[in-house]
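> Predicted structure and sequence below. I'll ask about it afterward.
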Amino acid sequence: MSSELRVKKLRGSGGYVVAALTDEQQTKASIGGPDLFLAPLCRMDTDRMSKHMCNMCDKEYEGPPEIHYENPNEEVAPGLTLVEKGRYSCKVCNSTIAEYREFRKEDEQEADRTAEQPQHQEQQPSVAPTPTVAAETASAPPPPAAAPPPPPAAAPSTATVPQQSPPADTPSDASSVSDINGRAVYDENAIKIGIVNRIGIDSANTMVLVITKDDGDEEAVPWSSVRKVGEIVLLGSGPADAPAAATAAADVGNSGRCSSCGFENREGSRFCEECGAKL
């Protein structure tokens, strides 16, 4: 994949940011459709951002927006941890341009821990052969005979590990969520529609399941539509989700409805987040 940087517009709920992206970042920022979104990229390097637009100010500014973030490290689902959340804000009025959530799966955390363990194990042998050990060995033969007991001491530590392994296998949902990528996705009619590409965040800062369909296109499905995660991922029926969608639409109201395309925008926005028309 090319490492060449390309200047792109990244949309958010309250404006947009102009930044230089790699091909990998462009793929991650696309959740279906021609537009790119800022939220899936989480916290970006401000040196890559050249401009930002604030819908509340109705003005485009030179330079990057402000970034505010925190690291809650909170488990939001079995095997899924919220490691960071933050927002991009206008440097003039502090209005939110976009929000993001960064998640980490359990298997990624285990990989990080196992990658750190060999480094500590390599350092321990180098410290072990010290001059004091050699001096004790030469002066008193009995102490060297007492040195072999440490290997048996390692046996109890390994014996305690199997006692912790059954709880890890008990929650079947944890393993299914951590290994969800690549699993087949079926709709409510038991028809296969594609495979799981990744878990992401849409422009409204809600969790979505990004699916690679059989024709190669990507589609973002709200996480609330996921009914079961097992050997496959089963989605809920459309009619069952319709009341929730109707309630959400009623909550938004008509204060931010675009007269051009009908898109429901965030209250106080001056431009449509869908088509860019002035509200």
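Structure's in. What do you need?

> show me where pLDDT drops low in the protein?
1-3, 108-179, 237-255 (pLDDT under 70).

> Now do the domain split for it, please.
Using automatic domain parsing, the domains assigned to the chain come out as 6-106, 176-242, 243-279.

> what are the ranges of the helices in the stretch 51-200 of the chain?
For the stretch 51-200 of the chain, the helices defined by DSSP state H, counting those that start in this stretch occupy 106-127, 131-139, 142-146, 150-169, 172-178.

> quick one on the thing from earlier: hey, which of the domains of the chain is tucked in deepest?
The highest average neighbour count among the domains of the chain, using mean count of other C-beta atoms under 10 Å, belongs to domain 6-106 at a mean of 18. Backbone N, C-alpha and C define where each C-beta goes, glycine included.

> Quick one: end-to-end length of that one, please.
With C-alpha to C-alpha, to the nearest Å as the measure, domain 6-106 spans 33 Å from end to end.

> Same check on stretch 30-42?
13 Å.

> quick one: contacts of it?
8-12, 16-17, 21, 25-26, 28-29, 44, 84, 86, 88, 97-102, 200-203, 205, 208, 210, 217-220 (C-beta atoms under 8 Å, 6 or more residues apart in numbering).

> how about stretch 265-273 as CSV, C-alpha atoms only?
Only the C-alpha atoms of stretch 265-273 are listed here, as CSV (Å, rounded to 0.1, in the frame of the first residue of the first chain):
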residue,chain,number,x,y,z
ASN,A,265,-28.7,17.9,11.7
ARG,A,266,-27.4,18.7,15.2
GLU,A,267,-29.3,21.6,16.7
GLY,A,268,-27.5,24.9,16.2
SER,A,269,-25.7,23.7,13.0
ARG,A,270,-25.7,26.3,10.2
PHE,A,271,-24.8,23.9,7.4
CYS,A,272,-26.2,20.5,6.5
GLU,A,273,-23.9,17.7,7.6
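
> Which residues does that stretch contact?
Stretch 265-273 is contacted from outside by 11, 13-14, 55-56, 58, 203, 253, 255-258, 260-261, 263, 274, 277-279, using C-beta under 8 Å, 6+ apart.

> shouldn't residue 17 be in contact with residue 88?
Yes: contact status for residue 17 versus residue 88: in contact at 6.6 Å, counting by C-beta atoms under 8 Å.

> Touching both of these two, which residues are there?
38, 52, 65, 97, 98.

> so who does residue 27 touch?
Residue 27 touches nothing, counting by C-beta under 8 Å, 6+ apart.

> How is it assigned, secondary-structure-wise?
The three-state assignment at residue 27 reads helix, by DSSP: H, G, I helix; E, B strand; the rest coil.

> now it: how far from residue 218?
To residue 218, residue 27 is 9 Å away according to C-beta to C-beta, to the nearest Å.

> partner residues bridging residue 201?
residue 207 (DSSP bridges).

> got the contact list for it?
39, 40, 100, 101, 207, 208 are the contacts of residue 201 under C-beta under 8 Å, 6+ apart.

> Next, give phi and psi for the first one.
In terms of degrees, to the nearest 10, the main-chain angles of residue 39 are phi -60, psi -40.
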